[in-house]
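Asker: please find the sequence and the predicted model below.
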Amino acid sequence: MTSPTTSPLPPTGSAATSGTGPGGPGWDDLLTAALLGTERRAVPARPRPGQDAAGALLDAAALRTVRRRAALLPAPARARPGAAPRDDRPALPDAARRRLALLLADRAAPGGGGRRGGAPDLTELLPQWLAAANGHGYRAPEALLPALLEAARARSDLRPAALALGGPRALWLARLNPQWKYALRGGTAAGFPGAAAASARSPEDERRVWQEGLFAERVGVLAAVRRRDPAAGRDLLASTWAKEPAEDRLMLLDSLRAELSAGDETFLEQALSDRSRNVRATAAELLTALPGSALAARMAERARACVALDRTADGGARIVVEAPHECDGGMQRDGVVAKPPAGRGERSWWLSQLVEAAPLAIWCERLGVGGAAEAVALPVADDWQPDLHAAWCRAAARQGDAEWSRALLGPATSPPAPASSSWLDPAKLLSALPPAERAGWVAEFVAAHGLSEAFRLLGVCAVPWAEPLGAAVVDALDTARRAGGYPWSFSGVMGLAERCLDPAQADRLEALTTVPEGPADGAAAGATGYWAEAFQRLIGTLRLRAAMRAELAGQDADTDTATTRP
């Protein structure tokens, strides 16, 4: 069976493309005349009476185009794709399906530029909508799969959630369009639809997909097996490890992070000798997350040799540091990078990596203190405090140690660290605290210091923002407005608030949209109008989020809110 599929154009230099020949002027001659201009190149065609050279050229090109197309030969038809796999997850409620269509359509709408006005920004609500829909276990409507895949192609941050909603049919469709090939290689663990599909496979099917499947399917199988039986998942990875490309080894190795345990240590120790530096670094990072691992013990021994307590110093005990003088082969095998970044000394670079990789539990005994707060309070000799505390900060974030994170953060009401204290990263330390405690600390920080230093801190808090964080942000915005602050200085926080405030805050914000009466100069009037506009947009977005939540739950949403568009 054949179909009129286009075959290649005639080769350059053939009778169909050059010379006049029996079919008129060749395509190459026409193209040359068009590029050079009819004043510099004679048109290889006879004009009609009264027709100029340019018209004759266009007529000849149109005629040659028809002849070229008419002369195309049929090509063999491609095999029809197999049927799309079943997806038995429940369909979206009708209102939620319409909402998704609006969100995807707005993604492609051209930006208006300038001020946004008072309407919500739907493009920023799409990630939240996808997360909520996946939380309900819905599947994407088949008719919207192309738009969903296209949205995820344009925004990589949407891919895990979009592919999870699309499920196995999104993968099936992605195989038919090269522009969506990202779906065949991306995705990890539970957020990827291949993981859900893999959970229903038999062990024989899992082995076959692992040996023959696309990368995304293999990742899904590995995640499913790993969740069910961590040892079996590790053995599955080990069975093909030597044959995997370096890029795939890196991504597959990272999949061990979710169910990491002491049973993985032997495999990870072997990966320390991998030929890829990135694979070695990831294996070392995973091993340092196992406090009882041999690598953690080796790093602890090296770190102890560099840091000690000096009780003979004037003014009381202090920490003394003797950084490594070389980075030997053993250190490099255990993940220590020998070459420092530009502007960083070698010895401080090596010291930081050793302390960061050592279990935090060793320091109380080493320094003779009762807890993290006492260790952090000790003075450090010879200006080594920034390096030592920075390494402790990274270790606390990596090891998820809440006690050390609290000690290094200090009270939220303390003055913010100066710009010179670049070693202190409160956002990373906050990530080790429980969500409620994290929100409470940031709320105190905002209440004490306002919003100018709080943007990154707000970004690590769970969404929607728990109280009292939401109230603290609203109060700080109102304070900035009443103090005559420049509204555009808080546009980033406003954007975060649209996505992260609890929708229940909408009614409380109504009072902030009022423009005070009375004369005002041009700048003040503009700022006042902007604040009112920004609060109106914030209220509209919060109510729209509430409507989206109701739609996904199958409840009736307010008609005006549900149809809001920018």
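Answerer: Yep, that arrived.
Asker: three-state assignment of the closest residue to residue 61 other than its chain neighbours?
Answerer: Distance criterion C-beta to C-beta, 6 or more residues apart in numbering; nearest residue to residue 61, sequence neighbours excluded, is residue 30 at 5.1 Å. Every residue, glycine included, has its C-beta placed from N, CA and C. Assigned by DSSP: H, G, I helix; E, B strand; the rest coil, the conformation of residue 30 is helix.
Asker: and residue 30, how many neighbours?
Answerer: Other residues near residue 30 number 22, with proximity taken as other C-beta atoms under 10 Å.
Asker: from residue 70, how far out is it?
Answerer: 17 Å (C-beta to C-beta, to the nearest Å).
Asker: OK, contacts around the residue nearest to residue 61?
Answerer: By C-beta atoms under 8 Å, 6 or more residues apart in numbering, the contact set of residue 30 is 44, 45, 57, 60, 61, 64.
Asker: which one of those sits closest to residue 459?
Answerer: For the contacts of residue 30, the residue nearest residue 459 by C-beta to C-beta is residue 61; the value is 57.3 Å.
Asker: just give the number of residues close to that closest one.
Answerer: Residue 61: 17 surrounding residues under other C-beta under 10 Å.
Asker: quick one: it and residue 291, what's the gap?
Answerer: 75 Å.
Asker: how about residue 341?
Answerer: 28 Å.
Asker: from the neighbour counts alone, determine which of the two ranks first.
Answerer: Neighbours of residue 341 and residue 291, each counted by other C-beta under 10 Å, are more numerous for residue 291; the result is 16 against 7.
Asker: tell me the phi and psi of the more buried one?
Answerer: Per-residue torsions, residue 291: phi -60, psi -30 (degrees, to the nearest 10).
Asker: list the contacts for it?
Answerer: 359, 361, 399.
Asker: in this structure, which spans are strands?
Answerer: Assigned by DSSP state E, the strands in the chain fall at 2-3, 75-76, 307-310, 318-321.
Asker: export those to JSON lines and tack on mean neighbour count?
Answerer: Listed next are the strands of the chain as JSON lines, based on neighbours: other C-beta atoms under 10 Å:
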{"stretch": "strand 2-3", "mean neighbour count": "9"}
{"stretch": "strand 75-76", "mean neighbour count": "11"}
{"stretch": "strand 307-310", "mean neighbour count": "16"}
{"stretch": "strand 318-321", "mean neighbour count": "18"}
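Asker: out of those, flag the one nearest residue 475.
Answerer: Once those are compared by C-beta to C-beta, strand 318-321 is nearest, at 40.4 Å.
Asker: how distant is the closest one from the center of its chain?
Answerer: 40 Å (C-alpha atoms, centre = their mean, to the nearest Å).
Asker: residues contacting it, please?
Answerer: Taking C-beta under 8 Å, 6+ apart as the rule, strand 318-321 contacts 306-310, 351, 367, 378-382, 384, 387-388.
Asker: how about a cut-off of 6 Å?
Answerer: 307, 308, 310, 378, 379, 380, 381, 384 (C-beta atoms under 6 Å, 6 or more residues apart in numbering).
Asker: and the first one, what pLDDT?
Answerer: What it means is residue 307. As predicted, residue 307 sits at a pLDDT of 97.
Asker: pLDDT score for the closest residue to it other than its chain neighbours?
Answerer: Excluding the flanking residues, the one nearest residue 307 by C-beta to C-beta, 6+ apart is residue 321, at 5.7 Å. The model reports residue 321 with a pLDDT of 97.
Asker: one more: residue 268?
Answerer: According to the prediction, residue 268 has pLDDT 96.
Asker: what does residue 55 give?
Answerer: 86.
Asker: list the helices and strands the longest helix anywhere in the chain packs on?
Answerer: The longest helix of the chain (DSSP state H) is helix 522-552. Helix 522-552 makes packing contacts with helix 94-107, helix 126-136, helix 491-500, helix 506-509, helix 559-562 when contacts are defined by 3 or more C-beta pairs under 6 Å, 6 or more residues apart in numbering; DSSP states H and E.
Asker: distance to residue 85 added to the ones you listed, as TSV?
Answerer: Converted to TSV, those look like this (distance: least, C-beta to C-beta, whole Å):
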stretch	distance to residue 85
helix 94-107	21
helix 126-136	18
helix 491-500	34
helix 506-509	42
helix 559-562	33
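Asker: turn those helices into TSV, including mean neighbour count.
Answerer: Formatted as TSV, these follow (neighbours: other C-beta under 10 Å):
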stretch	mean neighbour count
helix 94-107	18
helix 126-136	18
helix 491-500	19
helix 506-509	16
helix 559-562	14
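Asker: could I get those helices as JSON lines with mean pLDDT and distance to residue 392?
Answerer: Formatted as JSON lines, those follow (pLDDT from 0 to 100; distance: least, C-beta to C-beta, whole Å):
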{"stretch": "helix 94-107", "mean pLDDT": "91", "distance to residue 392": "43"}
{"stretch": "helix 126-136", "mean pLDDT": "94", "distance to residue 392": "33"}
{"stretch": "helix 491-500", "mean pLDDT": "88", "distance to residue 392": "29"}
{"stretch": "helix 506-509", "mean pLDDT": "84", "distance to residue 392": "40"}
{"stretch": "helix 559-562", "mean pLDDT": "46", "distance to residue 392": "48"}
